[in-house]
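[1] Sequence and predicted structure are below.
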Amino acid sequence: AMTGTFAESGADLRLEQITKSFPGHTAVDALDLTVPAGSFFALLGPSGCGKTTTLRLVAGLEEPTSGTITIGGEDVTDTKPYQRPVNTVFQNYALFPHMSVLDNVAFGLKRRRIPDPMTKAREALHLVELDASADKRPASLSGGMQQRVALARAIVNRPALLLLDEPLGALDLKLRHQMQLELKTIQAEVGLTFLHVTHDQEEAMTMADTVAVMNGGRIEQMGSPQDLYELPRTAFVANFLGQSNLLEGEVRGTDGPLLVVATPAGTIAVPADRAVATSGSVVVGIRPEKLKIRTSEPTPEAGRNILGPGRVVDVSFSGVSTQYLVDVPGAGRVSVFAQNSKGGPRIATGTEVWLTWGVDHGFGLEAHPA
Ligand code: ATP
């Protein structure tokens, strides 16, 4: 039995063909997922995609309709929640209000009769930098500090797997950013496996080594934050992680390593090795920050795509960058992020412009709409 076997380091988690059906609705659909030991793994997706249900299945709070869950190589599919080497930190962490911070953290250890509970609790508080608050009551701490107490209370058990369900959701933006970095540092220090559920793409990208994007109970794409951003495979992933301009077209042929794609806005090139399909219908994606905006017609040159002329229909200034919306016949509204530099050109609404980008920056997505 796994009771009380709390680890010195993280364990891997494996979901095999996990399905969870509720009456009239399949929340998790034949999910295959491996979370490597010691990694910080994020499940990212919109509301209702099944991420919380997945977490609850791992914790044992839901029973799968079918499939197998193993933690550290041991099948826990039929294991009771409290017998799994797992702890969960929820958004609405409940600290005991009448106990000191230290007693809150030591509580679980004492109940399980683990030796030296106070020493271990102090170590956990040190890890979340709350040494000085050990004797205070939770209510006298800020929201971020209370969340760190909840984290210390989970970490002190040394669960092989720590589940985080939108743990920063209740914090204001600034605190949330700070806690994102702190959580990542703590995870690296303790070496436990973290499985983090969030609908916030920035949060997932900032913290996780690997992100799995969920949509409709399935994983749409999985990879490092950079890979997902640079090479999304579907329009859903491309738009869930930042903004993308999408151009529908047909592959007409190849030109060395490039696919030549005919679109209603003209012919463009995309690297074949950055495209999901190399023939038939494709959707070419391009990030707004990869586009350059020009007020005179560029001369065609190898390695560069040109769209236009189009017309600027909206300009919004946001400090470091300016976002232009450009109406390009055949392409619709194209979004451009231009870095602001001192004395740089400001282009007014109504101006005729062309958009260019290095062919290497585009990516080819699955043609069917997500
Ligand atoms: P959110 O971020 O809003 O919590 P989520 O991605 O975590 O969304 P889940 O909570 O996993 O999504 O829910 C996935 C789907 O399963 C939703 O359509 C939800 O309504 C449904 N669902 C979840 N739990 C139950 C339940 N106990 N009974 C019936 N349907 C449920």
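    That came in fine, so what should we check first?
[2] Pull the contacting residues for the closest residue to residue 90 other than its chain neighbours.
    Among residues not flanking residue 90 along the chain, residue 165 sits closest, at 5.0 Å (CB to CB, 6 or more residues apart in numbering). Using the backbone N, CA and C atoms, a C-beta is placed for each residue, glycine as well. Residues in contact with residue 165 (CB atoms under 8 Å, 6 or more residues apart in numbering) are 52, 55, 88-91, 197.
[3] can you give me how far stretch 40-48 is from the chain middle?
    Counting by CA atoms, centre = their mean, to the nearest Å, stretch 40-48 is centred 6 Å from the centre of its parent chain.
[4] re the thing from before, identify those among the contacts of residue 165 that sit within helices.
    Using DSSP state H, 52, 55 are the members of the contacts of residue 165 that sit in helices.
[5] Most neighbours out of the contacts of residue 165, which is it?
    residue 197 (25 neighbours; other CB atoms under 10 Å).
[6] Tell me, how many residues neighbour residue 191?
    Other residues within reach of residue 191, judged by other CB under 10 Å, total 13.
[7] what helix or strand does residue 202 sit in?
    With secondary structure defined by DSSP states H and E, residue 202 is part of helix 201-207.
[8] Touching the helix or strand just after that helix from outside, list them.
    Downstream of helix 201-207, the first helix or strand assigned by DSSP H and E is strand 210-215. Residues outside strand 210-215 that contact it (CB under 8 Å, 6+ apart) are 33, 35-36, 39-46, 49-51, 54, 204-205, 219-225, 228, 236-237, 240-241, 370.
[9] This protein against the ligand: which residues are in contact?
    For the chain, the residues in contact with the ligand (CB under 6 Å from any ligand atom) are 22, 25, 27, 45, 47-53, 199.
[10] bridging residues for the residue nearest to residue 90?
    residue 90, residue 197 (DSSP bridges).
[11] Which pLDDT does the model give it?
    Note on residue 165: pLDDT of 91.
[12] Relative to residue 35, how far out is it?
    Here the criterion is CB to CB, to the nearest Å. By it, residue 165 lies 15 Å from residue 35.
[13] Now do the helices in the chain.
    Along the chain, counting by DSSP H, helices occupy 51-59, 101-111, 117-127, 143-155, 173-190, 201-207, 225-230, 235-240.
[14] Give me the buried positions along the lowest-mean-pLDDT helix or strand in the chain.
    Ranking every helix and strand in the chain by mean pLDDT, DSSP states H and E puts helix 173-190 at the bottom, with a mean of 85. Residues of helix 173-190 classed as buried: 175-176, 179-180, 182-184, 186-187, 190 (neighbour count, 16 or more other CB atoms under 10 Å).
[15] isn't residue 304 right next to residue 355, touching?
    No - between residue 304 and residue 355 there is no contact under CB atoms under 8 Å: 10.7 Å.
[16] Give me the more crowded residue out of the two.
    residue 355 (25 against 15).
[17] Residue in the stretch 101-250 of the chain with the shortest distance to the ligand?
    The nearest approach of the stretch 101-250 of the chain to the ligand comes at residue 199, 5.2 Å away (CB to the nearest ligand atom).
[18] burial measure for that residue, as a count.
    Neighbour count of residue 199, defined by other CB under 10 Å: 19.
[19] One more: residue 39?
    Residue 39: 19 surrounding residues under other CB under 10 Å.
[20] Now it: closest residue in space, sequence neighbours ignored.
    residue 209 (5.2 Å).
[21] Let me know the pLDDT of the one you found.
    Looking at residue 209, the pLDDT reads 95.
[22] repeat for residue 230
    pLDDT, read off for residue 230, is 93.
[23] any weak-confidence spans in the protein?
    Scanning the chain for pLDDT under 70 picks out 1-8, 343-345, 368-370.
[24] Which residue ranges make up each domain of it?
    Listed by automatic domain parsing, the domain ranges of the chain are 13-230, 242-365.
[25] Just the terminal-to-terminal distance for the longest one.
    With CA to CA, to the nearest Å as the measure, the first residue of domain 13-230 is 27 Å from its last.
[26] now it, how far from the centre of its chain.
    14 Å.
[27] can you offset everything so residue one is 12?
    Renumbered: residue one is now 12, and that last one reads domain 24-241.
[28] in the helix holding residue 213, what counts as buried?
    212, 214-218.
[29] and residue 92, how far is that from residue 71?
    Applying CB to CB to residue 92 and residue 71 gives a distance of 4 Å.
[30] higher neighbour count, the two?
    residue 71 (19 against 14).
[31] My understanding was that the more buried one contacts residue 89; is that so?
    No - taking contacts as CB under 8 Å, residue 71 lies outside contact range of residue 89: 9.2 Å.
[32] rewinding a little: hmm, residue 59 and the residue of the stretch 112-261 of the chain closest to the ligand touching each other?
    No - the criterion here is CB under 8 Å, and residue 210 misses it with residue 59 at 9.7 Å.
[33] Tell me which strands the longest strand seen in the chain pairs with, and in which orientation.
    Longest strand of the chain, by residue count under DSSP state E: strand 315-329. Sheet pairing here is set by DSSP bridges, and for strand 315-329 it gives strand 332-339 (antiparallel), strand 363-369 (antiparallel).
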